[in-house]
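S.K.: sharing a model prediction with you, sequence too.
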Amino acid sequence: MTEYNFVTTWIIDAPIEKVWSEIINYPNWPTWWKYVERVISIQDYHRFIWKTPLAYKLAFDIKLIRVEPPNVLELMAKGDVDGVGLWELESIESGTLVRYTWKVKTTKAWMNILAIFLRPLMEWNHNAIMEEGGKALAQRLGAKLISAKS
């Protein structure tokens, strides 16, 4: 398996409570985040199906492992990628700082076999998805995306 460690930060000109409300409502993400194709509720977890800028799909199951409103949402992923995601929100003078840390291993054979060649493309793909997510979240909130970094 190939490991990836991503950290994305967004600064959104909106109160933390509004940002938290959209992030915790992940079953609704497909209505505003164009790369989230579907979120399916299954007992105590959710299956996410993502389409990507590189025209492949990823599916994985998410189980929440820590929720501390409105600051922390930690999850475990199993499927096409296995690992841990951590959303951290902080109120700052200009609005809300959102930090997303995504530590995963790919489980698809083709991704692992071609990782030595595709890693830069996979990193670009992730960053494009997250950049679009920050813009879409800000737009949904009627706010300004002040900064987005991956």
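M.R.: Yep, that arrived.

S.K.: please go through this structure and pick out the longest helix.
M.R.: Ranked by residue count, the top helix of the chain under DSSP state H comes out as helix 115-141.

S.K.: parallel or antiparallel, list what pairs with the very next helix or strand once past that one.
M.R.: Past helix 115-141, further along toward the C-terminus, the next helix or strand under DSSP states H and E is strand 145-149. If you go by DSSP bridges, strand 145-149 pairs up with strand 3-12 (antiparallel).

S.K.: still on that earlier bit, how far does the longest helix of the chain sit from the chain's center?
M.R.: 9 Å (CA atoms, centre = their mean, to the nearest Å).

S.K.: from what I can see Arg66 touches Val72, true?
M.R.: Yes - with contacts defined as CB atoms under 8 Å, Arg66 counts as touching Val72 at a distance of 6.0 Å. C-beta: built from backbone N, CA, C; applies to glycine.

S.K.: these two: which is more packed in?
M.R.: A count of neighbours by other CB atoms under 10 Å puts Val72 above the other of Arg66 and Val72, at 13 against 10.

S.K.: for that one, list each beta-bridge partner.
M.R.: Counting by DSSP bridges, Val72 forms beta bridges with Glu68, Glu88.

S.K.: ok, now how distant is it from Leu89?
M.R.: Per CB to CB, to the nearest Å, Val72 is found 8 Å from Leu89.
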